[in-house]
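Visitor: sequence plus the predicted model coming up.
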Amino acid sequence: MADDSTTTIRATFETREAADLAVEHLVQQHGISRPDIFIQSATDRNTTGSRPSGGDASHESGSREDAALQGEIEVSADIASDQIAAVQRSFGDAGAIRVSGR
């Protein structure tokens, strides 16, 4: 008999770019539906991450000053219990600095 229970897994990222990459991995590699994936600040502050990346970084003058770099970003997903190990690896591949399950 298959285990069809679900669990919530969370990962913390330093950049929005890494968080977005993790979401794409969840959708494309693991078939997780977007309504089962959540992105939010890991703190109570509005943030785009704790360090610049992508559009937050300027090649001419360094980092932009208008980006809210005030904390890390959390990606969480409701997944089948048998996907935990694969999703943890995907989060790590995308640059997660912490991964936890509930």
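Guide: All right, it came through fine.
Visitor: where do the strands sit along the chain?
Guide: For the chain, the strands defined by DSSP state E occupy 6-13, 37-41, 57-58, 62-63, 73-80, 98-101.
Visitor: which residue packs closest to residue 101, ignoring adjacent ones?
Guide: With CB to CB, 6 or more residues apart in numbering as the criterion, residue 101 has its nearest non-adjacent residue at 4.8 Å, and that residue is residue 9. C-beta coordinates here come from the backbone N, C-alpha and C atoms, glycine included.
Visitor: can you redo the strands of the chain as CSV with mean neighbour count, distance to residue 88 and mean pLDDT?
Guide: Shown next, in CSV, are the strands of the chain (neighbours: other CB atoms under 10 Å; distance: least, CB to CB, whole Å; pLDDT from 0 to 100):
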stretch, mean neighbour count, distance to residue 88, mean pLDDT
strand 6-13, 19, 7, 94
strand 37-41, 15, 15, 91
strand 57-58, 12, 28, 53
strand 62-63, 11, 30, 55
strand 73-80, 20, 10, 93
strand 98-101, 14, 5, 90
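Visitor: in TSV: those, plus distance to residue 22.
Guide: TSV is the format used below for the strands of the chain (distance: least, CB to CB, whole Å):
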stretch	distance to residue 22
strand 6-13	6
strand 37-41	9
strand 57-58	19
strand 62-63	22
strand 73-80	5
strand 98-101	10
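Visitor: figure out which of those is closest to residue 91.
Guide: Comparing the strands of the chain by their distance to residue 91 (CB to CB), the top pick is strand 6-13, with 3.9 Å.
Visitor: what packs against that closest one?
Guide: helix 16-30, strand 73-80, helix 84-94, strand 98-101 (3 or more CB pairs under 8 Å, 6 or more residues apart in numbering; DSSP states H and E).
Visitor: and the ones you listed: which comes nearest residue 37?
Guide: So among these, strand 73-80 is nearest, using CB to CB, at 4.7 Å.
Visitor: give me the sheet partners of that closest one and which way each runs.
Guide: Strand pairing for strand 73-80, determined by DSSP bridges: strand 6-13 (antiparallel), strand 37-41 (antiparallel).
Visitor: turn the ones you listed into TSV, including distance to residue 81.
Guide: Converted to TSV, those look like this (distance: least, CB to CB, whole Å):
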stretch	distance to residue 81
strand 6-13	5
strand 37-41	17
